[in-house]
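[1] coords please:
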Amino acid sequence: MKINRILKWGLLISIFSFLGCTGPRSLYSVNMYYDAEHAAIPAYLKADITSSAIISVAEFTDKRQMDDRLVIGRVVEKDGMNNLVFPKNIKATKAISNGIKEYLRKAGYKVADKIEPWDLKEETIPKGDFKILIGGNIDELEISCRRGFPSNTYTANMKLTIVFADMAKRKILYQSKVESSYTKEHVLFSEENLGEQAGIALGDAIEKIFEDKAVAQKIKEAIAQ
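    From the prediction side, this is the model:
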């Protein structure tokens with residue numbers, strides 16, 4: 001009888017411990033990452049393999065109007081409480097730049113490892129041995145989840161401004177804007193699911209940048225000179 005009571009108390013303690021671990025939190029952190037391995041590169045964008053020109057990518061600038069730009073979203077708990085979402089390993093500004101670098105490499109371009117600082121002004125284009133510089137702004141970024149029953153609603157929204165510059169001529173070549181939006185219902189809630197939504201929105205935005213044939217034309221014209 002005593003053994004049965006001990007087992008029952010042990011089971012109850014385990015259940016309460018589990019519920020405590022899965023309850024509302026004060027913040028969440030997620031990986032924001034774009035993997036270009038399976039990206040479908042348009043034929044008009046693919047690089048000439050004989051070219052030795054190198055493209056440099058600047059760290060993006062966060063232009064969102066908010067107190068803490070490290071915040072990339074929020075989770076609305078079942079009780080209505082709002083908990084903030086932060087990037088886990090790398091800031092959103094660098095995650096976007098790294099994603100663009102990986103996409104360009106998949107397209108066959110040579111891309112500098114170093115991320116250049118740049119505020120998108122023509123007079124501040126940095127000097128270097130690279131042919132093209134790509135920079136941009138984060139105009140909007142929100143990765144969120146509204147927890148509910150029987151499912152949770154995940155949403156991701158992103159708006160970016162992208163600027164292409166000729167580093168040799170210190171001249172802006174082209175500017176564009178892209179938007180990405182994604183919604184998903186899922187019965188499970190986790191930081192991994194939040195990160196997945198962030199990655200999908202980031203990948204969609206990056207691929208939309210290079211869907212613009214004018215971008216590919218400007219890149220190839222600058223590289224050919």
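[2] Show me which helix or strand of this protein is least confident by mean pLDDT.
    Least confident helix or strand, the chain: helix 2-21 with a mean of 42, by mean pLDDT, DSSP states H and E.
[3] avg pLDDT for the helix or strand that it is followed by?
    Using DSSP states H and E, the helix or strand that follows helix 2-21 towards the C-terminus is strand 27-30. Strand 27-30 shows a mean pLDDT of 92 in the predicted model.
[4] Tell me where this structure has strands.
    Here the chain has its strands, by DSSP state E, at 27-30, 54-58, 61-62, 73-76, 82-87, 110-116, 132-146, 152-166, 171-186.
[5] could those strands be laid out in JSON lines, adding mean neighbour count and distance to His38?
    Glycine gets a C-beta too; all of them are placed from N, C-alpha and C. What follows is the strands of the chain, written out as JSON lines (neighbours: other Cβ atoms under 10 Å; distance: least, Cβ to Cβ, whole Å):
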{"stretch": "strand 27-30", "mean neighbour count": "18", "distance to His38": "21"}
{"stretch": "strand 54-58", "mean neighbour count": "22", "distance to His38": "21"}
{"stretch": "strand 61-62", "mean neighbour count": "16", "distance to His38": "28"}
{"stretch": "strand 73-76", "mean neighbour count": "20", "distance to His38": "25"}
{"stretch": "strand 82-87", "mean neighbour count": "17", "distance to His38": "23"}
{"stretch": "strand 110-116", "mean neighbour count": "14", "distance to His38": "19"}
{"stretch": "strand 132-146", "mean neighbour count": "22", "distance to His38": "21"}
{"stretch": "strand 152-166", "mean neighbour count": "21", "distance to His38": "19"}
{"stretch": "strand 171-186", "mean neighbour count": "15", "distance to His38": "17"}
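[6] between these, which gets nearest to Glu37?
    Nearest to Glu37, of all the strands of the chain, is strand 110-116, at 15.4 Å by Cβ to Cβ.
[7] got the angle for the closest one vs strand 54-58?
    Relative orientation of strand 110-116 and strand 54-58, computed by axes from the mean of the first three to the mean of the last three Cα atoms, to 10 degrees: 30 degrees.
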